[in-house]
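[1] Sequence and predicted model, in that order:
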Amino acid sequence: MEKPAAIPEYPRTYPKPDKFDVVNHSREKLDGMGLVTGTRKFVADFDLPNMIHVKMLGSPHAHARIISIDTEEAMKMPGVVGIYTSKDVPRVAHTTAGQGYPEPSPYDTFMLDTKVRFIGDRVAIVAAETPEAAIAACRKIKVQYEVLPAVFSIEQAMAEGAPVIHDESDCSVPIPIHFDPKRNHCAHMETKVGDVEKGYKEADVVLEKTYHSHYAQHCPIEPHTCACYLDEDDRVVLISSTQVPFHARRITAQVLQIPIKRIRVIKPRIGGGFGTKQEVLLEDVCAFVTMKTRRPCRWELTRAEEFMSARTRHPMSVTIKMGVKKNGKITAMSMKVLSNTGAYGSHALTVMSNCGSKVLPLYKCENVEFIGDTYYTNLPVAGAYRGYGATQAAFGAEAHMDELASAIKMDALKFRAMNHIKVGETSPIFQALGEGRAGVSMVIQSCGLAECIEIGRKEIGWNEKRGKPGTGIKRRGIGMCMLMQGSSIPEIDMGSVFIKMNEDGSFNMLLGATDLGTGSDTILAQIAAETLGCDHSDMLVYSSDTDFTPFDTGAYASSTTYLSGGAVINAATKVREQILAVASMMLGEKPEQLTIENKTILGKNKKNKITFSQICKYAMYEVNQFQIGAIGSHVTHASPPPFSAHFAEVEVDIETGELKVIKYVAAVDCGTAINPQLADGQTQGGLLNGIGYATTEEYHFDKSGRMLNPSFKHYKIFGANDIPEIKTFLVPTYEPTGPYGAKSVSEICINGALPAIGNAIKDAVGVRICEGPFTAERILKAIREAGKIGKD
Amino acid sequence: MLAHVARFYHPTTVEEACSLLAAKDHKNVALAGGTHLAVVEDSGIEGLVDLKGLKLTHQRRENGRITIGAMNPVEDLKTSTLLSGPGGNLLRLSAAAIGSTPLRHAITVGGNLVAAFPWSDLPPALLALDTEVVLRRGKEERVLPIGKLYETRPTDVIKADELVTEIRVSEFATSTGTAFQKVARTKNDYALITVAVRLTLKDGLISEARVALNGLTRRPCRITSVETFLTGKKCDKDIFREAAKKAGDGIELTSDFRASREYREEVLPVYIRRCLEEAAANVSK
Amino acid sequence: MKLNITLNGAKKSLEIAPNAYLLDVLRDLAGMKSVKRGCGEGTCGACAVLIDGRLRNSCITFAAHCEGATVLTVEGIGSHEHPHILQKAFVNHGATQCGYCNPGSLLAAKALLDRNPDPTMDQVKEALDGNLCRCTGYVKRIDAVLDAAKEMKSSREEKR
C-alpha cells in the first residue's frame, strides 16, 4: 500500500550549502553561563515541599532467595514513613534498558523480587524524613536469606549444571531473539558472510588471539538522582537524571501498571550520563513511594551504589582470528564474543552485536564471521556505556591488526591504510548485524580516515619514533589504532522537535532530544538557526519534558546530532516556508524571490526588507492569523560511521612496569562539526575516559562477588594533573545523509586508548598485553614472562 | 556518619582542649582536618573538639631546627618558603604527595602523623628525619621520637586526652641528601609504595642512613637491615644495589587490589635503590 | 547550635546540628545550590568551596568547624549579569559540558589565581587536581584558567 499523505516523508540527504553562517562555528553553549554561575538546576536542586527520602536496602549476597523480611523494628525507627517489600509492589517483568519499544533486552527484572542476584540487588524500599533516617532504618530490617551458589565468571555460567540465575518462570524476551535463561544464556547472535574457511586457506598467515576487557563504570560526577511529586491533577511528575525521558515514562507506567498519561517526566540539567542514565533505575521506585505516601520524594544514589548497583561496561572476551596474505590483503576474519551481562540482561544482545557491527566493517574482507554470546553472572549489572561494545571489540581487533602487520612485516599504518573502508564502498556486515533485527545496508559516503592517519602520523612522529624504544630503563613506544562507530540506529530510532515563533523574532524550540551535558541543546539550536536565518541565541531551547516536548528516543547510540538534528532541519524548513509565505504577502513578492539574512527577509534585488519580528506580529495580529510553527520528525535510513585514528606515545619503566602515557593524538572525521569546540570537547573527554579505562580503572571483587573498590578513593579516574599531552583534530568531511553534513562524534573517541596504548606498549617493550587495564604489575609480569628484558 | 554527635566545642587553648577530651561522661574526640573523621561510621562519638582555635599553625626555623605546629595544613608545608635544606625538602615533597589540593588544605600535619594509614605519605618522611613529636596533656609536655609512635599504633602511645602540638626536625643543612618516592596509579591515589630516604655523610662515608616505608606495610616503618648495611659505607651504585636487595628483610609486605605482595616485593628494591642514588646525588655541601 | 559565617560577603547566622556537614548546610539552609554532591567522601571536588580562602570539600567539612569563617561559593564570585573573568573563560573555552563539576573547579581556579596570578600550566593542573571531571578531559579547562589569568593580568595593568 502506498504511504498515506498524512505520514511524513523526509529528505534522505541534505545538500551542502555554499557557506555556513551558524553551523560549523564554535558558538557559545546556550546553558554555559547558567552552569558556571550555578543557576542551572540539576535534579537534586529542586526543593519539593514536605519531601521524603528514599533508600534501597541492598543485598549482601550475590545469589540468594529471600525467605522472609521483618520490617517491624525498622518501622519504629524515628522518621520512617514507609517500608516496602516484594509483597507490596506489582510484579511485572521488564527491562531497565531505555531502548526503543519493544526492547531487544530480556524482561528479566522486577521492581522487587523474592530473589537477589548480585550484591547490591534490590531487597526493600525505605522512605523516611531524612536520608540518614532511611539508612538507619535499612539496617534494622531483618532479612532471612537462603544463600544460593553463585556464578562469577562466564565459564562458570556456561558450565553444565551451573546455578540458574534467572529460574523464575515469568522472564521472557519481548521480541523473537535467542533467550535461554535456564543455561544462563542471555543472548546469542551469529552471522556469516562469504566462506571463512576458504579465506583462511588462502591466507599466508592466520593468527588467533583472545582479548579481555574488564568491568568499568561511567562515573558521571552527578550520581543517578530522581525526585517525584503529585501535581494538582494527581498526576505523577518525575524529575529525573535520565538520558531517556520518554522510555522512562513508558517503563515506569509498565512497571507500576498505571497509564502513561498519568506520568510526566522532566529532564532538567544532567550531570553526565555516558550510557548509565539510559537505564530506568530509580523512577519506578520514586513514583511508587510518592503514590503510596502522597508525598514528594527524592532518591539519590551514593557513589558506592553508583558503582555497585547502577550500570557498568560489559566485561568481554573477544577472540579474533584473521587471515592475511603477504601482500596485506585480508582473506578472512572471525570475531567470537563472550559477554558478561551480570545479573540482568540490560543491553545484553545489542552491546554484544555492536562488537561486530561497529568494528568488522572497518576493514574490507569478503569472508567474515561473527558469533556472540552473552551470559548472566552474579556480578554487577552491565548496560549501555559509551562505545557500546565497540570499545571492547576494537581493543582486540586493533591489537590484532598490529600483530598481523608485524607477522607479514608490513608497517602497521600502511597495512591499515590499504585495507580500510573508503567512500563508495560497503560492508556486508551493515545489513547482517542490526539491533535485534537485520541491519540496514549502506554505502560509505564520507570517510576522512586517510587524512586522520596523515595528521596523526605527523603529530606523533610515527616515522621517526616507531620501532625505536631505546635501550635505557625507560623505553618509549608509539602505537595507533583506527576506529569507526555509527550515527543513530537506522529505521528504529526517531527524534522530533517543535519550533514556534515569537513576536521579537525569537523561537521556542521544544526538543525531545536529551542534552545530558554534551551541549546538544546548543548544537540543535545552531542547526535550526542555520536553516531559519537567525542566530543560535534566538532559539530558546527546552529539553526535555514528556508533557511539553515531542517524542525522541533519547540521548544514546550516537544519535542526537545526526538523528534529532535531521528532525530540527525538517521542522525549521517548514517554519522557514511559513515565514517566507507571510513575507511574500506583506511584500507582495513571490516567496521564491525572497532570501533571509540575519532575521531579515530581503525582496528581489534586496530592495524590500522586513524583519522576523514584523512577520511574526503580522501573522499573529493582522491578516490570516496563525502561529508560525511546525513539528518535525526524523528517522534515519543509514548510520554513517564517524572515523578516527588515535595515536599514543608511552614510556615503560622496565624495572617496575610503570606506564606513562606521554602524548595522545586523536584525529576524527565526524562529518561537519556543527560546533567544533563542542565536538572537540567530546573527543577530549571521551579519549581521556578511554585512557583511564586502559590504565587505571577496574573493578576488584572478593570471593563473594563484592566489589572491593566502590569509591573514587580506590577506583581511579584521571584528574587534571594525570593527563598526558592531548592533541585533537577534527577532519572535515560532508556526510550527505546528515544534517549539514554531520555525523556522530560522542562515542567513537572512547574506543581508541586500549588498543593504541596496548600497541605502544608492544612497540616499547615487545610484549602484547591482552588484558586491561595496563597496570604496572601486569606490564612487569608480561615483560618477565616474555623473558625479553633481564631482571635487576 | 557521626550520628550521635550532639556537642561541638571550639577550645582556644591546649589545656581546654585536653580537659574536654578527658571528659568522662561522654566521648569527645579531637577534630583536626576531619578528612577521616567525617567519613567514618561511629555512633559512640558524642562530641567533637575542634583544634582549629588552638592556633597550632606555626612554622619556625632556629639554629638548624625546624618546628612545625601540628595544625598546619599539609598544603602549607608543600608551599612553605621556610622549609629548606635536605630535611625541609623532604618534608615539602612528602606533603606535596598527599591527596589533592582540597584535601591538602584540610589534612593537618598532626592528623596525618597520628592517623598513620598505610597510605599516609608524611610518616615515612618523618621517620627518615628522626622527627621529635611534642605531646601535650594539659600543661604536661613530653617529647617522643617519631619511631616510638609507630612501634604499635600511635593511639596506643598517645593518651585519649593528649594532643600532638608540634613536630621538630633537623634541617640537616650539611652533608645530607634526601629522596622521596610515592608510587600510585594516579597522582592523588593512595600510595602502593612510599619510600623516604636520608643519607648523612661524615668524611665521605655514610654515617646515618634512614630508609623508611609506607604503603606496603601495615604501619610506617624503617628498614633497619638496609640502614645498618649502609652505615660506614661509601655512596656507590653497587653498594646501593646490594643494600636495596635487603629491603624485604624482616618486614612483612601487604597485598591488596592496588598490587600483590609479589609485585611489591619485586619492585621495592628498585625504588629503594633509586631513592638512595637520588639522595646521594643531592647531598648538601 | 548557631553557626555564624560570612557567606558570599553577607553575614549569616544559621541554626545547625553539631554533626551537620557544610555541604548540606549550604545547600539546604543557605540555598547555595551550586555546591554539588558528587561522592560524599571528599574525593571528587564537586562540593568544593573556599573557606577563608582555602579550597575545601564541603561534604567532609563539619559546618560547625567553619564558625566565624568566610565562605565563598560560585554564587559569590559572579552572576549572569556580572560574571567573573573565570566564568566567562570557562564558557568561551568550552570548559563546561555537563557543568556539574564547574562550581568546584571554578573555585579551585579562583583560589589559585588569588595566590598566584601568573601560574604555569603545571600549576594550573595541580590546583585543579581535586576536581574530577568526566566530560571535558580537562584540556579546555586548563586553557580557560590560563587565559583568564592572562586577561586578569592585562586588566590589572590597564587600571594602573
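    In hand now; what should we look at? Here the structure is a predicted model, which means the values were calculated and not measured. Residues are numbered from 1 along each chain as shown, chains lettered A, B, ... in the order given.
[2] Do you know the pLDDT at the closest residue to chain B within the stretch 401-550 of chain A?
    Closest to chain B within the stretch 401-550 of chain A is residue A:473: 9.1 Å, counting by CB to the nearest CB. For glycine as for every other residue, the C-beta is placed from the backbone atoms N, C-alpha and C. Note on residue A:473: pLDDT of 97.
[3] doesn't residue A:653 make contact with it?
    Yes. If you go by CB atoms under 8 Å, residue A:473 and residue A:653 touch, sitting 6.2 Å apart.
[4] higher neighbour count, those two?
    residue A:653 (20 against 14; other CB atoms under 10 Å in any protein chain shown).
[5] and the residue nearest the centre of chain C, what are its phi and psi?
    Centre of chain C computed as the mean C-alpha position; nearest residue by CA atoms, centre = their mean is residue C:107, 2.2 Å away. Reported as degrees, to the nearest 10, the phi and psi values for residue C:107 are phi -70, psi -40.
[6] Next, the contact list for it, please.
    C:48, C:49, C:50, C:55, C:72, C:73, C:74, C:77 (CB atoms under 8 Å, 6 or more residues apart in numbering or on different chains).
[7] Next: residue A:190.
    A:369, A:370, A:371, A:372.
[8] Pull the number of nearby residues for residue A:540.
    Around residue A:540 there are 14 other residues, counting by other CB under 10 Å.
[9] quick one: pLDDT of it?
    Confidence at residue A:540, expressed as pLDDT, is 98.
[10] And it, which helix or strand is it part of?
    strand A:539-543 (DSSP states H and E).
[11] can you check residue A:477 too?
    strand A:474-484.
[12] and after that strand, which helix or strand comes next?
    Sequence-wise, the next helix or strand beyond strand A:474-484 is strand A:494-501, with elements assigned using DSSP H and E.
[13] what domains does the record give for the chain?
    Unless you meant another one, I'm taking chain A. Following automatic domain parsing, one finds the domains of chain A at A:32-41+A:494-634, A:43-148+A:218-309, A:152-216+A:313-435.
[14] Chain C, not that one
    Per automatic domain parsing, the structural domains of chain C span C:2-76, C:85-155.
[15] Tell me the pLDDT of the residue nearest to the centre of chain C.
    98.
[16] can you check residue A:311 too?
    pLDDT, residue A:311: 98.
[17] ok so, going back, residue A:199: which of the domains of chain C is closest?
    domain C:85-155 (39.9 Å; CB to CB).
[18] dump the residue contacts of whichever residue of the stretch 551-700 of chain A sits closest to chain C.
    Relative to chain C, the nearest point of the stretch 551-700 of chain A is residue A:684 (3.4 Å; CB to the nearest CB). Shown in contact with residue A:684 (CB under 8 Å, 6+ apart): A:726, A:728, A:749, C:136, C:137, C:138, C:139, C:140.
[19] Repeat the analysis, applying 6 Å as the threshold.
    Going by CB atoms under 6 Å, 6 or more residues apart in numbering or on different chains, residue A:684 touches A:726, A:728, C:137, C:139.
[20] ok, of the residues you listed, which come out buried?
    A:726, A:728, C:137, C:139 (16 or more other CB atoms under 10 Å in any protein chain shown).
[21] Closest one of the residues you listed to residue A:271?
    Using CB to CB, residue C:137 comes nearest to residue A:271 of the buried ones among the contacts of residue A:684, at 16.3 Å.
[22] Dihedrals phi and psi, that closest one?
    Torsion angles, degrees, to the nearest 10, at residue C:137: phi 80, psi 10.
[23] what about the closest residue to it other than its chain neighbours, distance to chain B?
    Among residues not flanking residue C:137 along the chain, residue A:684 sits closest, at 3.4 Å (CB to CB, 6 or more residues apart in numbering or on different chains). Distance, residue A:684 to chain B, using CB to the nearest CB, to the nearest Å: 18 Å.
[24] So for the helix or strand containing residue A:684, mean pLDDT?
    Using DSSP H and E, the element containing residue A:684 is helix A:676-695. The average of the pLDDT scores along helix A:676-695 is 98.
[25] For the next helix-or-strand element following that helix, which strands pair with it and how are they oriented?
    Following helix A:676-695 in sequence order, the next helix or strand is strand A:725-730 (DSSP H and E). In the sheet, strand A:725-730 lines up against strand A:659-669 (parallel) (DSSP bridges).
[26] Now do the buried residues in the partner strand.
    The neighbour-count criterion (16+ other CB under 10 Å) identifies A:659, A:661, A:663, A:664, A:665, A:666, A:667, A:668, A:669 as the buried residues of strand A:659-669.
[27] re earlier: nearest to residue A:229, out of the domains of chain C?
    domain C:2-76 (17.5 Å).
[28] Is the closest one in proximity to chain B?
    Yes. Using CB under 6 Å from any CB of the partner chain, domain C:2-76 reaches chain B at C:18-19, C:41-42, C:45, C:48, C:54-57, C:60, C:64-65.
[29] Which member of these is positioned nearest chain A?
    Closest approach to chain A among the residues of domain C:2-76 next to chain B (CB to the nearest CB): residue C:41, at 6.3 Å.
[30] Surely that closest one touches residue B:38?
    No. Assessed by CB atoms under 6 Å, residue C:41 is found out of contact with residue B:38, at 8.3 Å.
[31] Go ahead and measure how far stretch A:18-25 is from the middle of the chain.
    28 Å (CA atoms, centre = their mean, to the nearest Å).
[32] buried ones in that stretch?
    A:21, A:22, A:23, A:24.
[33] Kindly report the same for stretch B:218-228.
    Neighbour-count burial for stretch B:218-228, with 16+ other CB under 10 Å as criterion, is recorded at B:219, B:220, B:221, B:222, B:223, B:225, B:226, B:227.
[34] so which of these also contact chain A?
    Counting by CB under 6 Å from any CB, no member of the buried residues of stretch B:218-228 reaches chain A.
[35] can I get the residues you listed in CSV with distance to chain C, pLDDT and secondary structure?
    Below are those laid out as CSV (distance: CB to the nearest CB, whole Å; pLDDT from 0 to 100; DSSP: H, G, I helix; E, B strand; the rest coil):
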residue, distance to chain C, pLDDT, secondary structure
B:219, 23, 94, coil
B:220, 22, 96, coil
B:221, 27, 96, strand
B:222, 30, 97, strand
B:223, 31, 96, coil
B:225, 36, 95, helix
B:226, 32, 97, helix
B:227, 33, 98, helix
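[36] just those now: which is nearest chain A?
    Nearest member of these to chain A, counting by CB to the nearest CB, is residue B:226, at 15.5 Å.
[37] isn't that closest one right next to residue B:212, touching?
    No. When contacts are counted by CB under 6 Å, residue B:226 is not listed as touching residue B:212 (10.2 Å).
[38] Packing partners of the strand holding residue A:540?
    If you count contacts as 3 or more CB pairs under 6 Å, 6 or more residues apart in numbering or on different chains; DSSP states H and E, strand A:539-543 packs onto strand A:507-511, helix A:520-532.
[39] any idea which of those is most buried?
    helix A:520-532 (a mean of 27; mean count of other CB atoms under 10 Å in any protein chain shown).
[40] So for that helix, mean pLDDT?
    The average pLDDT for helix A:520-532 rounds to 98.
[41] could the domains of chain C be laid out in a markdown table, adding distance to residue B:240?
    Output for those, formatted as a markdown table (distance: least, CB to CB, whole Å):
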| stretch | distance to residue B:240 |
| --- | --- |
| domain C:2-76 | 37 |
| domain C:85-155 | 30 |
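[42] Chain neighbours aside, what residue packs nearest to residue A:590?
    Closest residue in space to residue A:590, ignoring its immediate chain neighbours: residue A:584 at 6.1 Å, by CB to CB, 6+ apart.
[43] So is stretch B:109-119 next to chain C?
    No. In terms of CB under 6 Å from any CB, no part of stretch B:109-119 sits within range of chain C; the closest distance is 12.5 Å.
[44] Quick check: end-to-end length of stretch B:161-179?
    Across stretch B:161-179, the terminal residues are separated by 35 Å (CA to CA, to the nearest Å).
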